[in-house]
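> what follows is a protein structure lacking sequence information:
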């Protein structure tokens, strides 16, 4: 930021096994979201490597990095990031447009995924007509459309009451087990961390516990 250097992460060395459910916890400003952005290919590290399945994604060009995000990664955000003018069904279909999936296949896949997350009766509703928990279920369905290997969820229950948050985390846990996906969740909530196989603590950009 101008002449000021902010070291969001410092010498983090982390290995995650396939199909593991890892929760990254720590106070605000500890580097949790930055770490998730690096793994997701949204940011590039100034030093070091981010190796996924033997490939250093930090060394990929922009086109290869975009393909990595589209094919390998599913993102779930605290604020859902749904398109307000689109129905739940269209929101889930949307990423498949960029993957070149034909319209009939898009609709079939989106319908199937929304049914899997318990929204079979809500497909034609827009985000403003859905509760926070329902919107996050749409976002989770959307994250699965391109059959990713890894789901990255940044504070996925941050805007919910505790009961709804538990339902969403139970759904993510089920998806992790059922589909064998690697799941990385960032949270400051101990209840969220309790769902994980492994909890890594970050503080001041460093791993302080594992």
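Cool, the structure landed. A quick note: this is a predicted structure, and the numbers were derived from the prediction, not measured.

> C-alpha from now on. contacts and neighbour counts both.
Fine.

> give me the buried positions along stretch 161-170.
164, 165, 166, 168, 169 (16 or more other Cα atoms under 10 Å).

> which residues does that stretch contact?
By Cα atoms under 8 Å, 6 or more residues apart in numbering, the list of residues contacting stretch 161-170 from outside reads 133, 136, 137, 156, 157, 158, 191, 192, 195.

> run the last query once more with 7 Å
By Cα atoms under 7 Å, 6 or more residues apart in numbering, the residues outside stretch 161-170 that reach it are 133, 157, 192.

> just give me the closest of those to residue 22.
Distances from residue 22 to these, taken as Cα to Cα, are shortest for residue 192 (10.6 Å).

> got the contact list for residue 76?
By Cα under 7 Å, 6+ apart, the contact set of residue 76 is 139, 140, 143, 152, 153, 154, 156.

> including pLDDT, secondary structure and distance to residue 80, could the residues you listed go into JSON lines?
Converted to JSON lines, these look like this (pLDDT from 0 to 100; DSSP: H, G, I helix; E, B strand; the rest coil; distance: Cα to Cα, whole Å):
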{"residue": "139", "pLDDT": "93", "secondary structure": "helix", "distance to residue 80": "6"}
{"residue": "140", "pLDDT": "94", "secondary structure": "helix", "distance to residue 80": "9"}
{"residue": "143", "pLDDT": "93", "secondary structure": "helix", "distance to residue 80": "11"}
{"residue": "152", "pLDDT": "95", "secondary structure": "strand", "distance to residue 80": "13"}
{"residue": "153", "pLDDT": "94", "secondary structure": "strand", "distance to residue 80": "10"}
{"residue": "154", "pLDDT": "92", "secondary structure": "strand", "distance to residue 80": "10"}
{"residue": "156", "pLDDT": "91", "secondary structure": "coil", "distance to residue 80": "8"}
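
> what mean pLDDT does the longest helix seen in the chain get?
For the chain, the helix reaching the highest residue count under DSSP state H is reported as helix 162-179. Mean pLDDT, taken over the full extent of helix 162-179, equals 92.

> check stretch 11-21 too.
94.

> may I see the buried residues of it?
By neighbour count, with 16+ other Cα under 10 Å as the criterion, the buried positions of stretch 11-21 are 19, 20, 21.

> for it, how far is the first residue from the last?
The stretch stretch 11-21 measures 22 Å between its terminal residues, going by Cα to Cα, to the nearest Å.

> cool, stretch 81-88 as well?
According to Cα to Cα, stretch 81-88 extends 12 Å from its N-terminal end residue to its C-terminal end residue.

> what's it in contact with?
Contacts made with stretch 81-88 from outside it, assessed by Cα under 7 Å, 6+ apart, are listed as 91, 123, 124, 125, 126, 127, 138, 139.

> farthest pair within the residues you listed?
Spatial extent of the contacts of stretch 81-88 (Cα to Cα) is set by the pair 124 and 139 at 14.7 Å.

> who's more crowded, these two?
For residue 124 versus residue 139, the count of surrounding residues by other Cα atoms under 10 Å is larger for residue 139: 25 against 14.

> list the contacts of the more buried one.
By Cα under 7 Å, 6+ apart, residue 139 lies in contact with 76, 80, 82.

> relative to residue 74, how far out is residue 68?
Summarising the geometry, the distance separating residue 68 from residue 74, computed by Cα to Cα, is 10 Å.

> more neighbours: which of those two?
Ranked by neighbour count (other Cα under 10 Å), residue 68 and residue 74 place residue 74 first, with 24 against 17.

> cool, thanks, talk later.
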